[in-house]
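Novice: coords please:
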Amino acid sequence: MKKAILTNHAPAPIGPYSQAVQAGGVLYISGQIALDPITGELIMDNIEAETHQVLKNLGAILEHAGLSFDNVVSCSVFVKDIHLFSRINEVYAQYFNVEVPPARALVQVSALPKFVNIEISAIAQV
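Specialist: Numbering: from 1, shown residues only. Purely as a prediction, here's the structure:
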């Protein structure tokens, strides 16, 4: 059985998908971008601010499901410019400051929704 997770503390989906789906003791979180869920505005001042907003959105979904960043076992990070890797990592490490950080893939892509610079999806253990 699967259950959709939806919170007003993260941006509403901009297509035919769920913010997250819980199935079989696993939470699959859709890719999050730097949309402020309150204003609907993109946070794109710099890659640090953008990454913080993406991870805040991810955290809001985790919290709504009764989880935290400690439950995350894997992340997929999509970036428009691989040269931003070290700056993204500095912010990312603030959220995944755990004994066993999640597995991760980080890839450069040619474009992302709304032409943002970063998108992160995650898988968490329930």
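
Novice: mind listing the strands for the protein?
Specialist: Ranges of strands within the chain are 2-5, 20-23, 26-32, 72-79, 103-108, 118-125, based on DSSP state E.

Novice: nearest to Pro13, of these?
Specialist: With Cβ to Cβ, the closest approach to Pro13 among the strands of the chain belongs to strand 26-32: 6.9 Å. In short, each C-beta sits where N, CA and C put it, glycine included.

Novice: where is the longest helix in this protein?
Specialist: helix 47-64 (DSSP state H).

Novice: hmm, back to that, redo the strands of the chain as CSV? Include mean pLDDT and distance to Ile38.
Specialist: Listed next are the strands of the chain as CSV, based on pLDDT from 0 to 100; distance: least, Cβ to Cβ, whole Å:
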stretch, mean pLDDT, distance to Ile38
strand 2-5, 96, 19
strand 20-23, 98, 19
strand 26-32, 98, 15
strand 72-79, 98, 24
strand 103-108, 97, 28
strand 118-125, 98, 20
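
Novice: hang on, the earlier thing: contact partners of the longest helix of the chain?
Specialist: Residues outside helix 47-64 that contact it (Cβ atoms under 8 Å, 6 or more residues apart in numbering): 5-7, 9-11, 19-20, 27, 29, 32-37, 43-44, 68-69, 71-72, 84, 87-88, 90-92, 95, 116-120, 122, 124.
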